[in-house]
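>>> I would like the atomic coordinates for the input below:
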Amino acid sequence: MDGNVSDQWPYLQDIPIYTVGPATSRALRSISHNPPLNIFGAETGNGETLAHYILEHYGDWYRDRTFKPSLLFMVGEQRRDIIPKTLMDPSLSEDKRIQVDELVVYGTGVMESFEENFTNLLRETKDRKTRWVVVFSPTGCGAMLRCLGMLDSQTGKFKQSDAKGNTFIATIGPTTRDYLRNTFDYEPDVCAEKPSPEGIIEGISKFLDDTPTPVVRN
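Purely as a prediction, here's the structure:
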């Protein structure tokens, strides 16, 4: 960015900024701001853990104020409600509760060529002993299951498929996992504990360690 960011964004040095994963944290830290932005929560890994972290940290950050400002929660179209539910839980005392104002700042869509490209890739890898599909967003889950022959055209729900035998599915986090569960009645094989490539690898490694060989299913 050009210019004096501090002049463009006054008082940000006094505001805590929370992220659920390292990728967003790195993007924020790359912003030139003097003094640096106050970024927290990158190691929490999921919304539930981040929500409890915010409860403690936000209260301590504003401990000298009789009134805590609302927390601006910038989200995508598809998200879990665990953070606002936790922070605004009526059972919390008034001094602990945090008002959350949600703002949708982005949406996602499925590329027109996705199903054709994915089908071609499945065809090319059909003889592999095992193959993994990693899902990073709820968007496209239906198309993925349809290409795998795992979506019932009448019910719109998961159905058993021979194609699933050597194919395993991992999700980047609980939002996508819960979308597969609630929308399609499908339970993915792995849900990363932390939303990062490393979290995906750790989840797959644990799955393979815990699964008797061979892992190919009929």
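
>>> which residues of this structure fall in strands?
Read by DSSP state E, the chain holds these strands, from start to end of the chain: 16-18, 38-40, 71-76, 100-106, 131-135, 167-171, 190-191.

>>> same list (the ones you listed) but as CSV, adding mean pLDDT, distance to residue 184 and mean neighbour count.
Placement of C-beta: from N, CA and C, glycine included. Compiled in CSV, the strands of the chain are given as follows (pLDDT from 0 to 100; distance: least, CB to CB, whole Å; neighbours: other CB atoms under 10 Å):
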stretch, mean pLDDT, distance to residue 184, mean neighbour count
strand 16-18, 96, 31, 17
strand 38-40, 95, 35, 16
strand 71-76, 92, 19, 15
strand 100-106, 92, 23, 12
strand 131-135, 95, 12, 17
strand 167-171, 95, 11, 22
strand 190-191, 96, 15, 22
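
>>> quick check: the gap between the most centrally placed residue in the chain and residue 45.
Against the mean C-alpha coordinate of the chain, by CA atoms, centre = their mean, the closest residue is residue 173 at 4.5 Å. Between residue 173 and residue 45 the distance, using CB to CB, to the nearest Å, works out to 8 Å.

>>> give me the common contacts of those two.
Counting by CB atoms under 8 Å, 6 or more residues apart in numbering, the contacts common to residue 173 and residue 45 are 195, 199.

>>> got any ranges where this structure has weak pLDDT?
Low-confidence segments of the chain, defined by pLDDT under 70, span residues 1-10, 161-164, 213-218.

>>> if we go to 80?
1-11, 77-80, 107-108, 160-165, 212-218 (pLDDT under 80).
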